[in-house]
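Colleague: Next come a sequence and a model predicted from it.
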Amino acid sequence: MAASTALGGSGGRGPHGPWRNWAGNVTARPARTVAPATTDELAAAVRAATADGLTVKAAGTGHSFTPVAATDGLLIRPERLTGVRKVDRAAGTVTVAAGTPLKLLNETLAAHGLSLTNMGDIMEQTASGAAATGTHGTGRDSASVAAQITGLQVVTADGTVLNCSAEEHPDVFASARLGLGALGVITELTFAVEPEFLLTAREEPMGFDEVTDRFEELVAENEHFEFYWFPHTGSCNTKRNNRSQGPAAPPGRISGWVEDELLSNGVFQAACTMGRAVPAAIPGIAKISSRALSARTYTDIPYKVFTSPRRVRFVEMEYALPREAAVEALRELKALVERSDFRVSFPVEVRTAPADDIPLSTASGRDTAYLAVHMYRGTPHQAYFAATERIMTAHGGRPHWGKLHTRDAGYLADVYPRFGEFTAVRDRLDPERRFANNYLRRVLGD
C-alpha cells in the first residue's frame, strides 16, 4: 500500500501520455515509453536509453505514494511483461515475470494448490513493485514479499542480464530483492511457495487501552495479528489470522459484501467525502465508523484472507519501528491527535514483521512494528504527517520506501546498519546513475 518493473505504478493515460500514480499525487512526463514483452526486448530498450543518455525507470500499478518510479527519461511499463513462467513443486518455488499483478499470481498459485506464506493487504501491485518497495503484511514469523524471493533476474545499466540467487551473484541478490529500482530493472522473480493452507480470520472490536496493554501477548499468540485505531476515539478493530484445519467457511456472499464493499468502501467513501467538506464533523463520524464493523470469524485460502479491496483513495505515511517501541509511539500519536486540531478520518494501522536479512528492508536486523497513517485524497495532510514523522524518527523509525516521508540518505544511513552494503552494490552496477531520479538521490545519495 507503495519498484523495479513495478516501481510504484502506472496510473497514467496510456503509453504516450503523462504517468500518474494511484493516489494522483505524482505525475511524470517521460521522454520515451516502452512496454517490452521479453527480457531481450527490455535489455535492448535499456541499452538504447543508455546510448542516448536517458535515465531509466520501470513502473507498475501506481501504489507508491513517493516518486520512486518517476522519470523524464525512459519509462518501462509492465503490462506485457507478465505471466507465471515456471511452477516447481519439488523445489517449492514459482517464477513469474516481474510485471505480473499479485492478483494473477495468487489466482495461479491457488489453481496449482499453492500459496505464498504471507502477503500484503492489496493485490493490485505487480510482483516486482511489491518486492522492490518493501511491501509487507503482518506476521509473527513470516516476513515481507521480498523476504520470500529465492531468485531474480535483473537487467543492469549496460543491458547485461544477471541471474541472481544466494549462490549466483549473491551480493546483488541480497540487495536487489528490495532494490528500489536503483540497481537495474527486474525482469523475473522466483518466490518460495508452499502447499495451500487455510486461515481462520477473527475480527473483533477492542478498546485502545486493552489492545495496547496486550500488544505483545496478541502478537505472540497469533501467526498474524494487526489492528486499526480510529483517531478521535478509544476504539480499535483487531484481526487475528491463524492456520486452520478447516473446513473452509468464507464470509457469506451478502454479509461479505456488506462488510468489505458497503461499509469498508461505499459508506467509508461517503464519510470521507463528508469529512473533507466539513472537517469539524470528522470526530463524530469516527465514533460512528468505529462502531460500524462488528465481530466476525471466517476461514478461507490465504490470499482471500490477507487481502481486501481498497477503493477509497488516500495518501499514506508508514514507519517501521523497533517492535518494543510501537506501543509508546502509538500512545504518543493518540495524545498528539487529542491535543491538536487535526481531523483524521482514516484509522491508524499497526502490523508486525520478524527481523530479516535484506539490507534495505524496513525489518532488516530487527523485529519490527509498523505504524501507518493515512489521509483521504485531497485533504490537507502535511501537518499531520510531519507531526507523526517527528514521533516516529524519535524512536529510530524507518520510513516505508513507497510511502510519504521527508528523510534523506544522511538519516537513513544511521538507521540501516547495512546501508553502505547496498550503496556499494549500486556504485558497481550503476556508476553513471542511469536508474536514478530525484527521489533516489535524496534517499540513497548521489
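Modeller: Okay, I see it.

Colleague: C-alpha from now on. contacts and neighbour counts both.
Modeller: Will do.

Colleague: Relative to residue 65, how far out is residue 391?
Modeller: 20 Å (C-alpha to C-alpha, to the nearest Å).

Colleague: Kindly report the same for residue 368.
Modeller: If you go by C-alpha to C-alpha, the gap between residue 368 and residue 65 works out to 22 Å.

Colleague: Can you pull out the low-pLDDT segments for the stretch 251-400 of the chain?
Modeller: 253-271, 290-293, 311 (pLDDT under 70).

Colleague: Would you state the strands of it in chain order?
Modeller: 296-300, 314-322, 348-353, 368-376, 398-399 (DSSP state E, counting those that start in this stretch).

Colleague: Helices along the stretch 1-150 of the chain, start to end?
Modeller: Taking DSSP state H, counting those that start in this stretch as the criterion, the stretch 1-150 of the chain contains helices spanning 39-51, 102-111, 127-132.

Colleague: for those, which one ends up most surrounded?
Modeller: Comparing these by mean neighbour count (mean count of other C-alpha atoms under 10 Å), helix 127-132 ranks first with a mean of 34.

Colleague: Kindly spell out which helices and strands sit in contact with it.
Modeller: Secondary-structure packing of helix 127-132 (3 or more C-alpha pairs under 8 Å, 6 or more residues apart in numbering; DSSP states H and E): strand 185-192.

Colleague: partners of the strand it packs on, with directions?
Modeller: strand 93-97 (antiparallel), strand 149-155 (antiparallel) (DSSP bridges).

Colleague: Which among those strands is found nearest to residue 21?
Modeller: Proximity to residue 21 (C-alpha to C-alpha) singles out strand 93-97 among the strands paired with strand 185-192, at 21.3 Å.

Colleague: follow-up on the earlier one: make CSV out of the strands paired with strand 185-192 and add distance to residue 211.
Modeller: Listed next are those as CSV, based on distance: least, C-alpha to C-alpha, whole Å:
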stretch, distance to residue 211
strand 93-97, 37
strand 149-155, 33
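
Colleague: Using CSV, lay out those together with mean neighbour count and mean pLDDT.
Modeller: Shown next, in CSV, are the strands paired with strand 185-192 (neighbours: other C-alpha atoms under 10 Å; pLDDT from 0 to 100):
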stretch, mean neighbour count, mean pLDDT
strand 93-97, 24, 98
strand 149-155, 23, 98
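
Colleague: Give me the domain ranges for this structure.
Modeller: What automatic domain parsing lists as the domains of the chain is 84-195, 198-399.

Colleague: Just give me the residue closest to the centre of this protein.
Modeller: Closest to where the C-alpha atoms of the chain average out (C-alpha atoms, centre = their mean) is residue 135, at 2.9 Å.

Colleague: My guess is that residue contacts residue 144. True?
Modeller: Yes. Applying C-alpha atoms under 8 Å, one finds residue 135 in contact with residue 144, separated by 6.3 Å.

Colleague: so what sits against both of the two?
Modeller: residue 120 (C-alpha atoms under 8 Å, 6 or more residues apart in numbering).

Colleague: Low-confidence stretches in the stretch 1-150 of the chain?
Modeller: 1-16.

Colleague: Go again with 50.
Modeller: Along the stretch 1-150 of the chain, the parts satisfying pLDDT under 50 run over 1-15.

Colleague: Mind jotting down where the strands sit in it?
Modeller: 19-20, 27-28, 32-34, 56-58, 74-76, 84-88, 93-97, 114-115, 149-155.

Colleague: Select, out of those strands, the one closest to residue 440.
Modeller: Using C-alpha to C-alpha, the nearest of the strands of the stretch 1-150 of the chain to residue 440 is strand 56-58, at 11.0 Å.

Colleague: helices and strands around that closest one, which ones?
Modeller: Using 3+ C-alpha pairs under 8 Å, 6+ apart: strand 56-58 touches strand 74-76.

Colleague: just how off-centre is the strand it packs on within its chain?
Modeller: 22 Å (C-alpha atoms, centre = their mean, to the nearest Å).

Colleague: May I have the strands that pair with it, each with its orientation?
Modeller: strand 32-34 (parallel), strand 56-58 (parallel).

Colleague: Contacts made by it with the rest, please.
Modeller: 5, 30-36, 49, 54-59.

Colleague: Buried ones from these, can you make that a ChimeraX selection?
Modeller: In ChimeraX syntax, the buried subset of the contacts of strand 74-76 is picked out as below (16 or more other C-alpha atoms under 10 Å):
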select :5,30,32,33,34,35,36,49,54,55,56,57,58,59
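
Colleague: before we move on, the earlier item: let me know which of the helices of the stretch 1-150 of the chain is the nearest to residue 330.
Modeller: Closest among these, using C-alpha to C-alpha: helix 127-132, at 25.9 Å.

Colleague: In CSV, list the C-alpha atoms belonging to that closest one.
Modeller: Extracted C-alpha coordinates of helix 127-132, given in CSV (Å, rounded to 0.1, in the frame of the first residue of the first chain):
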residue,chain,number,x,y,z
ALA,A,127,5.2,-8.7,-8.1
SER,A,128,8.4,-6.7,-8.7
GLY,A,129,6.9,-3.4,-7.4
ALA,A,130,5.6,-5.0,-4.3
ALA,A,131,9.0,-6.5,-3.5
ALA,A,132,11.2,-3.6,-4.5
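
Colleague: what distance separates that helix from the centre of its chain?
Modeller: Using C-alpha atoms, centre = their mean, the offset of helix 127-132 from its chain centre is 8 Å.

Colleague: Give me the neighbour count for residue 406.
Modeller: 11 (other C-alpha atoms under 10 Å).

Colleague: I'd like to know how far it sits from residue 385.
Modeller: Using C-alpha to C-alpha, residue 406 is found at 10 Å from residue 385.

Colleague: do residue 434 as well
Modeller: Between residue 434 and residue 385 the computed distance is 31 Å (C-alpha to C-alpha).

Colleague: ok, now residue 279?
Modeller: Here the criterion is C-alpha to C-alpha. By it, residue 279 lies 17 Å from residue 385.

Colleague: Wait, residue 369 touches residue 321, no?
Modeller: Yes. With contact defined as C-alpha under 8 Å, residue 369 counts as touching residue 321 (5.3 Å).

Colleague: want to throw the strands paired with strand 74-76 into CSV with distance to residue 424?
Modeller: Compiled in CSV, these are given as follows (distance: least, C-alpha to C-alpha, whole Å):
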stretch, distance to residue 424
strand 32-34, 29
strand 56-58, 20
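
Colleague: ok, residue 404 - contacts?
Modeller: Contacts here follow C-alpha under 8 Å, 6+ apart; on that basis residue 404 touches 65-66, 315-318.

Colleague: Can you tell me the element it falls in?
Modeller: Assigned by DSSP states H and E, residue 404 falls within no helix or strand.

Colleague: For the closest residue to it other than its chain neighbours, which residues are in contact?
Modeller: Spatially, and ignoring its direct neighbours in sequence, residue 404 is nearest to residue 317 (4.8 Å; C-alpha to C-alpha, 6 or more residues apart in numbering). The contact partners of residue 317, by C-alpha under 8 Å, 6+ apart, come to 372-374, 385, 399-400, 403-405.
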